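Undergrad: Please find the sequence and the predicted model below.
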Amino acid sequence: MLRPSLERVRDARVRQPLLADAMNVADKVQDLQARLSRAAKQTLDRRFGALYDKMYRRDVLMEAWRRVRANKGAPGIDEQDFAAIEQEIGVRTFLKGIRQELKQNRYKPTPVMRCWIEKPGKPDKRPLGIPIIRDRVAQMACKLVIEPIFETNFLPCSYGFRPKRSAQMAIRKIVQVVSCAKQRVILDADIKGFLDTSSHYTPSDEAAAKSGNGALNTFILRPLRLPRLTCMTSSSPRFTRCNTV
């Protein structure tokens with residue numbers, strides 16, 4: 001009867017340092033993001049010349065792993081899942097490899113697995129890209145660094161794909177405006193298949209305006225030029241090329 005209790009105590013002792021380490025990492029990343037946000041707010045057209053090196057900071061990569069791990073998701077074309085990384089490679093070794101590749105400018109993303117999912121109530125299908133976990137972590141690290149800078153340019157009325165915002169919040173805002181401001185006109189517009197046909201050079205121009213670091217711009221653009229391994233239900237997997245993630 002005592003053994004399970006001792007094992008629980010031992011497990012708790014192991015988890016406590018890991019939890020404290022994770023909290024310390026999150027605090028460091030939040031501090032970095034706060035400093036970048038303050039700098040961006042001071043001058044909206046400021047160019048940030050040293051961002052790429054922030055991507056491969058150990059705390060940034062660890063926080064990127066934590067977020068990607070929390071999102072779960074299926075493995076990419078290498079079929080490597082989270083369990084394999086944790087049990088066979090080790091998280092620290094896995095992140096060390098990504099860090100070395102980024103630091104030495106040897107990082108090259110792997111082609112994305114493209115699957116087609118049904119659109120509710122529509123005959124059309126939506127393309128879904130599934131990068132390998134390694135690339136997801138690297139992309140999340142990039143997001144952690146550049147997001148607080150680009151956030152300063154968004155208007156308060158923007159809700160799509162922004163941190164701590166959602167479509168439900170946008171609906172509540174519309175209801176508030178209709179109820180309190182007595183607005184009676186609502187415009188709902190959508191650009192059909194925008195990401196299917198848009199050029200990947202447009203985002204690069206915006207990235208270049210914010211960052212003077214060519215390495216970061218290359219990192220953002222490189223995945224957009226890779227072929228996708230497309231999974232079709234009616235045929236064998238094949239490689240296709242497209243301009244979007």
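TA: Yep, it's here.

Undergrad: so the most centrally placed residue in the chain is in which element?
TA: Relative to the mean C-alpha position of the chain, the nearest C-alpha, by CA atoms, centre = their mean, is the one of residue 140, at 3.8 Å. Using DSSP states H and E, the secondary-structure element containing residue 140 is helix 133-150.

Undergrad: quick one: contacts of the next helix or strand after that helix?
TA: Reading on from helix 133-150 to the C-terminus, the next helix or strand found by DSSP H and E is helix 167-180. Under the contact criterion CB atoms under 8 Å, 6 or more residues apart in numbering, helix 167-180 has outside partners 157, 159, 160, 183, 184, 186. From N, CA and C alone the C-beta is placed, and that goes for glycine too.

Undergrad: repeat that with 10 Å
TA: In this structure, residues lying in contact with helix 167-180 by CB atoms under 10 Å, 6 or more residues apart in numbering are 156-162, 166, 183-186, 188.

Undergrad: What are the boundaries of the helices in the chain?
TA: Using DSSP state H, the helices of the chain run over residues 2-42, 52-55, 58-71, 82-84, 91-103, 133-150, 167-180, 194-197, 201-210, 214-221.

Undergrad: elements contacting the second one?
TA: Applying 3 or more CB pairs under 10 Å, 6 or more residues apart in numbering; DSSP states H and E, we find helix 52-55 packed against helix 2-42, helix 58-71, helix 91-103, helix 133-150, helix 214-221.

Undergrad: Would you confirm that residue 145 contacts residue 55?
TA: Yes: between residue 145 and residue 55 there is a contact under CB atoms under 10 Å: 5.6 Å.

Undergrad: Which positions within stretch 130-145 qualify as buried?
TA: Neighbour counts over stretch 130-145 (16 or more other CB atoms under 10 Å) mark 130-142, 144-145 as buried.

Undergrad: For residue 120, give me phi and psi.
TA: Backbone torsions of residue 120, given as degrees, to the nearest 10, read phi -60, psi 120.

Undergrad: Next up, the contacts around it.
TA: Applying CB under 10 Å, 6+ apart, the residues near residue 120 are residue 126.

Undergrad: pLDDT score assigned to it?
TA: Here, the pLDDT recorded for residue 120 equals 83.

Undergrad: again with the one 4 residues further on
TA: The predicted local confidence for residue 124 comes out at a pLDDT of 82.

Undergrad: How many residues are close by it?
TA: Summarising burial for residue 124: neighbours were counted as other CB atoms under 10 Å, giving 9.

Undergrad: Residue 30 now?
TA: Residue 30, neighbours per other CB under 10 Å, totals 13.

Undergrad: Pretty sure it sits against residue 60.
TA: No: assessed by CB under 10 Å, residue 30 is found out of contact with residue 60, at 11.1 Å.

Undergrad: any common contacting residues for these two?
TA: The overlap between the contact sets of residue 30 and residue 60 (CB under 10 Å, 6+ apart) consists of residue 144.

Undergrad: Compute the first-to-last residue distance for stretch 44-53.
TA: The first and last residues of stretch 44-53 sit 22 Å apart, counting by CA to CA, to the nearest Å.
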